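Trainee: Next come a sequence and a model predicted from it.
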Amino acid sequence: MKHISVAIDGPSGAGKSTLARQAAAQMGYLYVDTGAIYRTVALGALRRGVEPSDAVAVEPVLSEMEIRLAYNPDDGLQHMYLDGEDVSEQIRLHEISQHASKISAIPKVREFLLELQRDLARNNDVVMDGRDIGTVVLPDAQVKIFLTASAEARAKRRFLELQQRGQQAKFDTVLRDIIIRDEQDSNRPIAPLRQAEDAVLIDTTDLSLEQSLQAILAVIREGKRV
Ligand code: DC
């Protein structure tokens, strides 16, 4: 039987991961956070003393890295392993975001991760979130959603999330970083962040988390029928 794929793309801080995880749980699908995979590659480069923006230095170390994704049987959450070590916490550090954005612009990095992502969708019903899922990774996904919100609303959410994790940050810095990341992710030549032509746009600026979740579930259920 062919598996169902739900692609959710959008800029950072639009609530993709929280919403995609909850939507996947409701549908009984596997949630795949592809940003976590890019973050793990960025950490792998840094640990090898390689600057993530330096394509020439990054390319040869890619094949040395053992990147694995596994699901915790207790909480069902996606964990990332780098060279055998669970790095799920480390990849969430604020500074890793910029490094992940930089490394994700390298074509060889995207090529290196493409099959890993497609394999997950071949073998499972998935809700996969990222930047290029509906456009490049899973262009045939049955359901495509482009989730966005104003930069201010996204910065506010990210700021609160960092505070809850006990990470120090200034609101202005978080907002600036979000704008820089949008710029980088949208303007890179390969697999830039953009809405697929057949994606449904959901703007969560004025929606609560619950309202956003219901909007996503409605699109998924509708998409499954057609
Ligand atoms: O979703 P995130 O913030 O964890 O992603 C971190 C970075 O990884 C993001 O700035 C861009 C990159 N990324 C990507 O290029 N393609 C994806 N499918 C997912 C993430």
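Mentor: Cool, the structure landed. What you see is a predicted model; the values in this text were computed from it and never measured.

Trainee: How many residues are close by Arg165?
Mentor: The tally of other residues near Arg165 (other Cβ atoms under 10 Å) stands at 12. To be clear about C-beta, it is placed using only N, CA and C from the backbone, and glycine gets the same treatment.

Trainee: Now do the same contact list for it.
Mentor: By Cβ atoms under 8 Å, 6 or more residues apart in numbering, Arg165 lies in contact with Arg92.

Trainee: Check what contacts stretch 42-58 and list those residues.
Mentor: 61, 64-65, 67, 82-83, 87, 90-91, 96, 99-100, 102-103, 105-106, 108-109.

Trainee: Tell me which residues of the helix or strand containing Ile216 come out buried.
Mentor: Under the criterion of DSSP states H and E, Ile216 resides in helix 209-225. Neighbour-count burial for helix 209-225, with 16 or more other Cβ atoms under 10 Å as criterion, is recorded at Ser212, Leu213, Ala215, Ile216, Val219, Ile220, Gly223.

Trainee: so the fifth one makes contact with Gln142?
Mentor: No - here Val219 lies out of contact with Gln142, judged by Cβ atoms under 8 Å, at a distance of 10.8 Å.

Trainee: and the closest residue in space to Val32 that isn't next to it in sequence, what helix or strand is that in?
Mentor: Beyond its immediate neighbours in the sequence, the residue positioned closest to Val32 (Cβ to Cβ, 6 or more residues apart in numbering) is Met128, lying 4.2 Å away. For Met128, the host element (DSSP H and E) is strand 126-130.
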